Every structure is written in C-alpha cells, then in structure tokens.
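1. Got a predicted structure plus its sequence, pasted below:
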Amino acid sequence: MVSEMDKIINVTNLTKFYGKKQALSDVALSIPENSIVGLVGRNGSGKTTLMKILAGRLDKSGGDVKVFNEEPMDNLKVQTKLVYTYHNVPFDPNWNLKTILYGYNKMFPSFDNDFANKLMNLFDLEGKMKYRSLSQGMASVFNFLCALSCRASLTLLDEPVLGMDVTVRKTAYEILLRDFTEFPRTFIISSHLLSEIEGVLSDIVLIETGRIILAGSIDDVRNSAYRLDGNIEVIEKYVKDKKVIYKKVNEMSSFAIIQEKYSENVMEAANEAGLELSPVRTEDLCVYLTRQDKEGEIECLW
C-alpha cells in the first residue's frame, strides 16, 4: 500500500479560472513515486493547464497543490527537482542546441551530459544546429531528449511527440521505458492518443472539461468495464441495476458498455442471460466516458 509520503504529487479541490472561464474544477489527484502516468483527454480538456500548475508555471485559482510536499509555484527547491517540457518550448531563436544543453546541465544537478550526447547522435542532431532551424518533429525530439537527460525526480512531458513520425515516436517511448528501468523516477505524459503511450504506462488519469473522471493503475482501468452484445430487451433487463456508459440500438445489433469490474462471475451471468460479453480496450473506454453524442447531428448532414 502506497502511503502519502510515497506520493510526490497531492492535489485536492484544485480549480483554475481564465477570467470567467473555468479550466479546472475540483481536481483531486495523487501520483506515487517511480510511476509512469498517462494524463489523457481530448484537446482542450485541461491537460496543459494541470501540467503547468504542477510544474509551477501557472498559479492556481483555488485548492491545494503539493509537489514534493511543497507548493510548486515560485519554489526554487521544487523547480530543481522537476522538468517540464512540451513540443514548442520558446528558446531564444539564436541559440544553438549545444547552448541549450549547457543551460540544462547548469540547471539540473542530475543532468547526464554523456547520455544527452548519445541521444543527439542517435537522432542525428548536432550541437551547432540552431533551434529555430529544426522542423516541428525534430524540435519535439530535442525537447524530449533534454527532459529525459535531466533525470529529474519528476518529468512532465506535455504532448511530447507532436510532429514526430511514427518510427521516431516508438523509439522515443522505448528509450523512455528503458531509462525508467535503469533510473526509476516519476513521469507524467499528457496525450490525446492513449494507444501510443499505453504500453509504457503504470497509471492513467482521464480528464474531461477540467474534471478528473477516471484514475487508477492501467491494469485496474483495463478491467473496469466490458461490452455486452445481444437482444436489446435482454440487455435492458440485465443492465437495469448497472452503470451504463454507452448504449447503441439498431436493426442489426445492439450493445451496451458497462462500467463494472470484468470477472468470470460477470461473464457467466451474461452468458446465462444469452448475452455475449467482451472486454473493452482502454482507449475505447476513455472515448465512451468522454463521448459527446453527435450521431443525430451527423445523420442530418445527408
């Protein structure tokens, strides 16, 4: 069992307003040490706002935020133990990559310059290159390798692979997982594409319209829902006391997504009722939980 002292992030009742617009609402979140957490949600769901508050780059409107048991905002002690990066870090356009690496080396005591240079060679980057000359994909690669080389106790990666081609993205996540194995620490990776990061995650946090609607270990989340296929009348009777996330009825087939632990007992009960039960992919579960039903609007297009 993980104690409060083993959690490097503790957030309660967090709110954030931009003027009258509420970006985060009553967010509660705990992140344990030595974990790889996926912060997933659609664009505009609040991922970046939450990441910036955790990184001490943005002040909260209300609630309590503790990183390493301290407020992260304007806290140099916290800042030297975490690194936050994203795909378009606004470095001085006249700086070359060697200068930027030197800055990271000075800022972070745990920065591994040798590892950074090996990554530079692996991705065909040269220190004399100007940051402004990099394509979007290569800028993302460079920002990623800088953050990884810091070996900070907490690494916050906000949509880190934007612009990278699929091969480079897979390589980046393979390197992250291997380096995590060699040097355990905590990562939070935000993405709107869970399928790309699911293989490296230990935990998942799903955010929608500024609220955390699902959080837990990746294994628990995978087993937290299932799909029922069959006759709609039988489905309706079976699910009357269950939490239905989504239901679809048509002439060919009907199905429902149920938020309940997937188990052998559940499978046996469904089979006895004449229903077909199957697991739900984690990414699909997140889609169902954040779904905005537009089927009627789509039909009106024709």
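-> Perfect, I can see it now. Fair warning: this is a prediction, and the values are worked out from it, not measured in the lab.
2. Please work out the average pLDDT along stretch 60-78.
-> For stretch 60-78, mean pLDDT rounds to 96.
3. Domain map for this structure?
-> 4-221, 224-299 (automatic domain parsing).
4. and among the ones you listed, the most buried is which?
-> Among these, ranked by average contacts under mean count of other CB atoms under 10 Å, first place goes to domain 4-221 (a mean of 18). Any C-beta I mention is one placed from the backbone N, CA and C, and that applies to glycine too.
5. just to revisit the earlier point, weakest of the domains of the chain by average pLDDT?
-> domain 224-299 (a mean of 85).
6. helix, strand or coil for the residue positioned nearest the centre of the chain?
-> The geometric centre of the chain, computed from its C-alpha atoms, lies nearest to residue 39 (CA atoms, centre = their mean), at 2.1 Å. When classified by DSSP: H, G, I helix; E, B strand; the rest coil, residue 39 comes out as strand.
7. Residues contacting the longest helix that the chain contains, please?
-> Looking across the chain with DSSP state H, the single longest helix is helix 166-182. Contact partners of helix 166-182, identified using CB atoms under 8 Å, 6 or more residues apart in numbering, comprise 36, 115, 119, 123, 137, 141, 144, 148, 151, 160-161, 164, 187, 196-197, 199-200.
8. so residue 50, which of the three states?
-> Applying three-state DSSP: residue 50 is helix.
9. That one is in contact with residue 40, isn't it?
-> No. Using CB atoms under 8 Å, residue 50 is not in contact with residue 40, being 11.7 Å away.
10. Spell out the residue ranges of the strands in the stretch 1-150 of the chain.
-> For the stretch 1-150 of the chain, applying DSSP state E, counting those that start in this stretch gives strands covering 7-18, 21-32, 36-40, 62-67, 82-86.
11. other SSEs contacting the fourth one?
-> I take that to be strand 62-67. strand 7-18, helix 47-54 (3 or more CB pairs under 8 Å, 6 or more residues apart in numbering; DSSP states H and E).
12. one more time with 6 Å
-> When contacts are defined as 3 or more CB pairs under 6 Å, 6 or more residues apart in numbering; DSSP states H and E, strand 62-67 sits against strand 7-18.
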